[in-house]
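Quick one, structure for this:
(chains A, B, C and D)
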Number of protein chains: 4
Amino acid sequence: MKTLQSPENLQSDKLHEECGVFGIFSSSKTDVAKSVFYGLFALQHRGQEGCGICVNDKGIFSSYKDLGLLNEVFNQQTLENLGEGTAAVGHVRYGTTGATNRLNCQPLEVHHIKGSLALCHNGNLTNTTDLRTRLELEGSVFHTSSDSEVIANAIIKQRLSCDCIEDAVQKAMKQIKGAYSLAIMTQDKMLAVRDPLGMRPLCIGKTGDGSYVVSSESCALTAIKAQFVRDVEPGEIVVFSRGETFDQIKIDSIQTLKNIPPQAVPKKALCVFEYIYFARADSVIDGVSVQQARQKAGMFLADEHPVDADVVIGVPDSGLDAALGYAMQSKIPYGLGFVKNKYIGRTFIAPQQKERTDKVRIKLNAVENTVKDKRVIMVDDSIVRGTTSALIVKLIKEAGAKEVHVRISAPPFLYPCYYGTDVDSQENLIACHNSIEEIKEIIGADSLGYLSIENALKIANNFGKNTFCAACFNGTYPIL
Amino acid sequence: MKTLQSPENLQSDKLHEECGVFGIFSSSKTDVAKSVFYGLFALQHRGQEGCGICVNDKGIFSSYKDLGLLNEVFNQQTLENLGEGTAAVGHVRYGTTGATNRLNCQPLEVHHIKGSLALCHNGNLTNTTDLRTRLELEGSVFHTSSDSEVIANAIIKQRLSCDCIEDAVQKAMKQIKGAYSLAIMTQDKMLAVRDPLGMRPLCIGKTGDGSYVVSSESCALTAIKAQFVRDVEPGEIVVFSRGETFDQIKIDSIQTLKNIPPQAVPKKALCVFEYIYFARADSVIDGVSVQQARQKAGMFLADEHPVDADVVIGVPDSGLDAALGYAMQSKIPYGLGFVKNKYIGRTFIAPQQKERTDKVRIKLNAVENTVKDKRVIMVDDSIVRGTTSALIVKLIKEAGAKEVHVRISAPPFLYPCYYGTDVDSQENLIACHNSIEEIKEIIGADSLGYLSIENALKIANNFGKNTFCAACFNGTYPIL
Amino acid sequence: MKTLQSPENLQSDKLHEECGVFGIFSSSKTDVAKSVFYGLFALQHRGQEGCGICVNDKGIFSSYKDLGLLNEVFNQQTLENLGEGTAAVGHVRYGTTGATNRLNCQPLEVHHIKGSLALCHNGNLTNTTDLRTRLELEGSVFHTSSDSEVIANAIIKQRLSCDCIEDAVQKAMKQIKGAYSLAIMTQDKMLAVRDPLGMRPLCIGKTGDGSYVVSSESCALTAIKAQFVRDVEPGEIVVFSRGETFDQIKIDSIQTLKNIPPQAVPKKALCVFEYIYFARADSVIDGVSVQQARQKAGMFLADEHPVDADVVIGVPDSGLDAALGYAMQSKIPYGLGFVKNKYIGRTFIAPQQKERTDKVRIKLNAVENTVKDKRVIMVDDSIVRGTTSALIVKLIKEAGAKEVHVRISAPPFLYPCYYGTDVDSQENLIACHNSIEEIKEIIGADSLGYLSIENALKIANNFGKNTFCAACFNGTYPIL
Amino acid sequence: MKTLQSPENLQSDKLHEECGVFGIFSSSKTDVAKSVFYGLFALQHRGQEGCGICVNDKGIFSSYKDLGLLNEVFNQQTLENLGEGTAAVGHVRYGTTGATNRLNCQPLEVHHIKGSLALCHNGNLTNTTDLRTRLELEGSVFHTSSDSEVIANAIIKQRLSCDCIEDAVQKAMKQIKGAYSLAIMTQDKMLAVRDPLGMRPLCIGKTGDGSYVVSSESCALTAIKAQFVRDVEPGEIVVFSRGETFDQIKIDSIQTLKNIPPQAVPKKALCVFEYIYFARADSVIDGVSVQQARQKAGMFLADEHPVDADVVIGVPDSGLDAALGYAMQSKIPYGLGFVKNKYIGRTFIAPQQKERTDKVRIKLNAVENTVKDKRVIMVDDSIVRGTTSALIVKLIKEAGAKEVHVRISAPPFLYPCYYGTDVDSQENLIACHNSIEEIKEIIGADSLGYLSIENALKIANNFGKNTFCAACFNGTYPIL
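Numbers count the residues shown, from 1 in each chain, chains lettered A, B, ... in the order given. Predicted coordinates for the structure are as follows:
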């Protein structure tokens, strides 16, 4: 019998991603800080460590950022202090390192000889050290340890010899490698930028009054009554600027991959975990509904790993859609198997080993009415260390389930991610050290099935346009 | 066309109830404060205004209570300050009046000539004023305006001439009218008391080490690995005391209705809203699973108000089970129609009228994948003012639904509640001033159906043992 | 060579007293909460653990109280929440026990059959246990462990059979023993009460608009532009009530010692430490200026313990006046010998043993300009454990003083206080275990002189009217 | 009769200065954060808006800084998080602009190709805009609006082509104009730098274990038991580095004015207000005791503006020493005329116009015992708007003074300061619009005398070595 390592906290037994970005380029001077606040609020699931907003009032920037959730960092007063403006960008951050530092919060607001710039970044560079050293050799000074400041300095360095910000960004994009979706605000423009592999999502929306917004996910558009316009393309720079009159907004697109020979254009490598876990179910990314992709994962699972059972339940929140997909495909009834305690916040007093309870038990409870005396199929989106899964299976068995068949709507994690997903270190990844049969035993399930990599790459293929990065499953890292 | 009143905040457009209680009578001196903390944490949905815990260390009481959620009031330090103990009781409070006052938080700890007493109360008395005046005439002094202090003083007044606390409670119960489920701790006992009508739930559990717990709902038992023993009966006093050795716990039951002629025994009048809305889906109250009752409500609704449609969705959280019931009964597919933002806390910055967004839009989003181009049945548990319902219907239509058929898993509210449920004033209740057809129009639905009172009273009948208070629907108040 | 015990914090090496009271009975409905707030603010030196205010708006009481300084407990919002009123009372509290409890904060607001009552108490009863037991036997219930609740219950018990509150207070005064200065507010009156020994100060003032105030010290009158009227006499109850019109305030005085045979009237026993240390230098108590009393103490010291020296310095804050007195009497120049860091607050991070610094060094610094190459006379008000004194002497020597002659403006502490002064336990009192010569050596002084008891009792004699409690010096406790 | 403008808060009716710096270069790896914390604590009077500490652990920097007092920003945890180190620098900041911004807090920690640098700055540049533009033209990017970041970037720009930090600093000093005392920490050195005019103080100390400290004022040395070594000279760079062994600290001095022809060496222009108001009385600056300088100012005043009176009192805190000087010179007795409320913190609830009280009355009270029926000489250090002075004079008269003769230990303010002293705008300066006779009337004094400029420049002349900037009095700005 294998033993389990205990994660430090419940959250740690999950994947994490870094950041969400949101920006607005308004057709008039108005309460843009509030719009960004509510937009970011719909992106809070992408980062809970820190957040910030920078407002542009006709060239004058005002920023406020700090560690904490939006509701903790901002109140009526701090929002009002930002004033009205004509554009604004904001950021929610998930910090990958233990050293959480207020200075690393974004937007990163910097000033140079050609003006001011506020930058929000979702993703992770892979050549940070090299590029930073090169910039330092040319005299750059750094205030933080973040790769986002490296991007900002690379852009500004180019800006000195360029006529416009978009040219500078285009040149800088040749230097920076890795995953990046950016919202960049200058004194008179806003840019939406997505890396050539399109690893992180980014989309554009439009409000009723003709203002434009840029957002990591489409779910944030609805929050401020904006209509979805389209996704930003891999390698694209979308430039929002003023037309002849202030309220006339021009949109220009620079396709940086346009002049590359077709055979050299990199294959799109969107992170498949955006569909499986990170994004909100009500978002549509690169033409595919996240909910639909999850349901499709569940359907594939039903075909790959069928089992005779009485009810299909999902582990909230992201397992619910896959469970419904499994139920539809298998014709086994769908059930509401868990109640999740919604009062668990960041400051929750975690139980100690010696106490009567454990972290999972406080967060989740199985519903006896759904599982008692039943053969249960339980769908979840991942098994990281295995600890949490074992406790959840135990909860269902205690509630009277006769059998618990675990189905995972993703393949096993086997390789590290260098693009911003905070996968646990390999030594902690249960799938790196155990066969599926062993994992099944460790978590106490009656059977266990993972989604195949092949099918994982099909859950959101959008007529062949969506190709994915699946490096964490197969070790094949996308190359630019 | 009717117009709508705007509720001050999203929460206010819902029913509220007062309080949850939790107690433990331990077989040894141990970390009882933590057990009560985690127990209360599972009852947090019953009250978010304030909370408190009182620990009994062999007769010495230590209390801590304050306004706020458990996670706000208690931290590692404040919990440790309470020390270890042999018993403890705790309380989560929802305050009905605007005047939120720290002094009204419970447990109410008082000291008198025969010892100390800590009291936790869920419910509402109907003869508070009369009884308080009577007690004041006899010399009682009051520190708060709460009816719970009236109960405490009534008990202590009797205690002076009684040999034991249970006799005093029994005598006091003849004086107090209304709804009350109590957890009472004295220096050497713990009592669980439920009013003769059984209006609020209360149950008993047992932990692995032979300790006993009392809880408003069974969902809190699982949180600390306690097994459900049984519900406290209407009019019953359950007394926990020490046996020959300290760890031997005796349980005695006093059935206060035993000596009443059968025809005079009041009919049980459990609040039907405990099933429909207040309680957590994973609780079992008086023998019936809350989830099952909700699903049954959905099934009845399907029979009472059938409609041809493509998908059934529920409004989270309490509408989900009824929606699944409706789907099962009607054979129309169940869908996950909404994503709820889980970061909305007590301090959320509500949008102003003039802003791009509204409260509902920030809290909920419709999932286009589920509803687009579909005829949708949307199941919710109540319509209070109508404002929220109208905004939700709008969200679904914006997401592309062709039709929205609203089904409410409860009858319309028409009468005030005097037993602790914070129904809005009649002038705000939409059903008091509008026909169902008018409400349908106001909320913008294509059809609207409420559960009938007749069926509402059947959702949890438990072989005829469960009879309900349905005063808020039919104006017939239960009489003792 | 003797060694020293280290106090846990700098404050602990000082005497402490319990509480200050302040009340206003206004000629009109106005912002009485603010008046009490500013009055209490001038009394903050009497208690820093907690505070509270109770406002009376024509019979309706609103209270707010909590642990912390006035500036921490009250802000614009919490003050405004109290609303306007026609009277108000407030309290600052110093807690003697480690178990600081929010419930023990005052005003104590209670309600009984004949109305409501808010009570503020400065002092300490000596028969708390007996009286509480007697009250409990008669049915009283207690919510706190404070002697102030015992006073309240004793008064209310009498009130049931009395026509008016002042009769009830008078009867209760026969039962309670010890030190008490009270501000009591009922729905239509305010009372100022001082115990028969007059152990704690209490005075009356009048504002320009004809409102009356009661305050522990006269320094609080100036803060709200009130004129000093007179001190409350030992054993006196001053009653403020409405006359024919609301703004006409009647003042009645009940001299409870009036009917006692002259030879039985207890001798006044004001705590001499009110003059030496507790009260603010700008207060006038029982006809004598606190500053003048301190200067007189310094003058007596100069006569009792003369020494040839170059400069006289005082330890801030209370040693400054005595030092000036010593300088005037001895004709030796007065100097400003210390700078005190005014940013030390309640949350100061005290240095650990191993660090480069110590608590005294952070709080105080000697001014080289004043002491270098000089023979210094340093006047302080007390030596409790000796630790602090030794460090201060060291500071002066390090700054270059040739000699340091310590003069203490009070006699040595030798006996415990039962009236509310928090003298350290005898085992820690340096004077209980060491001769003056030994203390001199321990603190590193070149000479040491204490004020004699005889002269201490003369520092504020006010033509023979002021007699003192000097129990902590001579062990002779005043008897009623 | 003239009317008065009301300052927004009591503090605003005073001069303010920007910042204090403190650094330690330790002979071993130890708790340097704590040493800097306690050092800064003694400098808190120089800035209360924000503070920060940067610790160097053998090349790795850790910073923590925020808005607030030291006691608010740092607690046991945040100090411990900084870890042990071999050097550290810290800063207390007074912000001159309303836009208080966390980013402007110091130390400013930056990283460049040749290493890391943490900079703390006291003073104000006069060529910020020019220099910043020049740096931006060369590619510099700015994160804040502070002149301190301009200094840092100027130094780093030079560093790229210099062999060592001290050469870079020396070159940068040729570019920067204005007032600056700097503590600079690199990975292996610490530098203390003072501008060529020596406008702000800076001194060096040494601890018992051979560590070196740099501090804005000598009063901070005593706090951590360091001995004063010497002041840093105008135009000097003192470099602390490691010798052959780690604990052997080398000190090098670069006199940047050395090679300038004697006649071109600028005349020292120390801000005279450091003696009159800013510095702590126990500091010794450039060889002169601050207390002694204040007493000398008082003595000059006694000669310049004699008056027949009974007592001399000082307005706390900085007026006390000048008052004692006046008393000594005039032979008129010194008295303790005021009690200052020490509980006024940053969050004090200031009274509104309509209330019974005013800000001065809450902060200060006159002692009747000292002033009643007396002719009083009141010594203060400045009159800014006049409002406060008028209220203080009123307090003394209310306390019974027969006459109040105001003496100011500085000349009248007439001109703006460009070197970091936050003198109010000229339109608010009472002396810009009124004759001395008019001011006397406005503040209600019986006579008024200011110190002459001539004598002000003599209060600390130190055998002719100290020459001063007196631009705020005479409009003659020092020229480099």
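
What strand or helix carries residue A:268?
With the criterion set as DSSP states H and E, no secondary-structure element contains residue A:268; it sits in neither a helix nor a strand.

Give me the pLDDT value at it.
Turning to residue A:268, the model gives it a pLDDT of 92.

you'd agree it is up against residue A:466?
Yes - contact status for residue A:268 versus residue A:466: in contact at 6.7 Å, counting by CB atoms under 8 Å. (Glycine included, C-beta is placed from N, CA and C.)

Going by how many neighbours each has, rank those two and give me the top one.
Summary of the neighbour comparison: residue A:268 and residue A:466, criterion other CB atoms under 10 Å in any protein chain shown, with residue A:466 having more neighbours (22 against 19).

Which parts of the stretch 101-250 of chain A are strands?
Secondary structure of the stretch 101-250 of chain A, counting by DSSP state E, counting those that start in this stretch: strands at A:108-112, A:115-125, A:178-186, A:189-194, A:203-206, A:212-215, A:227-231, A:236-242, A:249-255.

In TSV, list the ones you listed along with mean pLDDT and distance to residue D:245.
As requested, the strands of the stretch 101-250 of chain A are arranged in TSV below (pLDDT from 0 to 100; distance: least, CB to CB, whole Å):
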stretch	mean pLDDT	distance to residue D:245
strand A:108-112	94	42
strand A:115-125	94	41
strand A:178-186	96	44
strand A:189-194	98	52
strand A:203-206	98	61
strand A:212-215	98	57
strand A:227-231	97	62
strand A:236-242	97	56
strand A:249-255	96	59
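
now those in TSV, with distance to residue D:211 and mean neighbour count?
What follows is those, written out as TSV (distance: least, CB to CB, whole Å; neighbours: other CB atoms under 10 Å in any protein chain shown):
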stretch	distance to residue D:211	mean neighbour count
strand A:108-112	37	22
strand A:115-125	40	26
strand A:178-186	44	27
strand A:189-194	50	26
strand A:203-206	57	21
strand A:212-215	53	28
strand A:227-231	59	16
strand A:236-242	53	20
strand A:249-255	57	14
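
Ok, which of those strands comes nearest residue D:189?
Minimum separation from residue D:189 across the strands of the stretch 101-250 of chain A (CB to CB) falls at strand A:108-112, 27.9 Å.

what's that closest one packed up against?
strand A:115-125, helix A:147-159 (3 or more CB pairs under 8 Å, 6 or more residues apart in numbering or on different chains; DSSP states H and E).

could you redo the last one with a cut-off of 10 Å?
When contacts are defined as 3 or more CB pairs under 10 Å, 6 or more residues apart in numbering or on different chains; DSSP states H and E, strand A:108-112 sits against strand A:50-57, strand A:60-67, strand A:115-125, helix A:147-159, helix D:128-137.

Can you give the distance of it from its chain's centre?
With CA atoms, centre = their mean, to the nearest Å as the basis, the distance from the averaged C-alpha position of strand A:108-112 to the chain average is 25 Å.

and the angle for that strand with strand A:115-125?
With axes from the mean of the first three to the mean of the last three CA atoms, to 10 degrees applied, the angle from strand A:108-112 to strand A:115-125 works out at 130 degrees.

Would you mind measuring from the residue in the stretch 51-200 of chain A that chain B sits nearest to to chain D?
In the stretch 51-200 of chain A, the residue found nearest to chain B is residue A:71; the distance is 5.3 Å by CB to the nearest CB. The span separating residue A:71 from chain D equals 19 Å under the rule CB to the nearest CB, to the nearest Å.

what are the phi and psi angles of that residue?
The phi/psi pair for residue A:71 (degrees, to the nearest 10) reads phi -70, psi -20.

I figured it hits residue A:79, correct?
No - proximity of residue A:71 to residue A:79 does not meet the contact threshold set by CB atoms under 10 Å, at 11.4 Å.

hey, what's in contact with both of the two?
With contacts taken as CB atoms under 10 Å, 6 or more residues apart in numbering or on different chains, residue A:71 and residue A:79 have A:37, B:349 as neighbours in common.

Now do the contacts for residue A:23.
Taking CB under 10 Å, 6+ apart as the contact definition, residue A:23 lies against A:32, A:35-36, A:39, A:53-54, A:56, A:87-91, A:107, A:118, A:120, A:182-185, A:190-192, A:204, A:212-215, A:240.

The host helix or strand of it relative to strand A:189-194, how many degrees between them?
In this structure, residue A:23 sits in strand A:20-30 according to DSSP H and E. For the pair strand A:20-30 and strand A:189-194, the angle between their directions (the same axes, to 10 degrees) equals 160 degrees.

Output strand A:20-30 as CSV - backbone C-alpha positions only.
Presented in CSV, the C-alpha positions along strand A:20-30 are these (Å, rounded to 0.1, in the frame of the first residue of the first chain):
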residue,chain,number,x,y,z
GLY,A,20,-5.9,37.7,-16.1
VAL,A,21,-5.9,41.0,-17.9
PHE,A,22,-8.7,43.4,-18.7
GLY,A,23,-8.6,46.8,-20.4
ILE,A,24,-11.1,49.4,-21.7
PHE,A,25,-10.6,52.1,-24.4
SER,A,26,-13.5,54.4,-23.8
SER,A,27,-15.4,56.5,-26.2
SER,A,28,-15.7,59.2,-23.6
LYS,A,29,-14.2,60.2,-20.2
THR,A,30,-16.1,58.1,-17.8
